[in-house]
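Chemist: Predicted model and sequence below, questions to follow.
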Amino acid sequence: QVELVESGGGLMQAGGSLRLSCAASGRTFSISHMGWFRQAPGKEREFVAFIASGGSTVYADSVKGRFTISRDFTKNTMDLQMNNLKPEDTAVYYCARSRRVYFSRLPGDYDYWGQGTQVTVSS
């Protein structure tokens, strides 16, 4: 069983920064690939960033160069540093654990999800 809890969301002006954190319970965190997703009102959940158990990363084109995903195995946490925020980044952000041994951007390939944290970027 894996439990994921996000924190760090909030309201920020465009151009600002926020750091999201995902705290994971369970002994499989260190061997699991992890991802961040987001869902804006009226839109489907979309891939944001991925980090493999070995540390390699993949980003959605829309956030590449602005967001950085990282993980701390000693604390069982995964972070998403978001810089140069834009109004279109407004969404509920979710961390999730992948059920696959390869990279996937499909929400259906992730089996455990956090409750989500709201990020609102004003123009």
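Modeler: Received, thanks. Model, not experiment: these values are computed from the prediction.

Chemist: Would you check that N83 makes contact with K64?
Modeler: No - using C-beta atoms under 8 Å, N83 is not in contact with K64; the gap is 11.8 Å. In short, each C-beta sits where N, CA and C put it, glycine included.

Chemist: per-residue confidence for the residue positioned nearest the centre of the chain?
Modeler: The centroid of the chain falls nearest to W36 when counting by C-alpha atoms, centre = their mean (2.2 Å). W36 carries a pLDDT value of 98.

Chemist: Where does it sit, in terms of helix or strand?
Modeler: Taking DSSP states H and E as the definition, W36 sits inside strand 34-39.

Chemist: After that strand, which helix or strand is next? Please name it.
Modeler: That would be, after strand 34-39 and using DSSP H and E, strand 46-51.

Chemist: Pretty sure S30 sits in a helix.
Modeler: Yes - S30: assigned to a helix according to DSSP: H, G, I helix; E, B strand; the rest coil.
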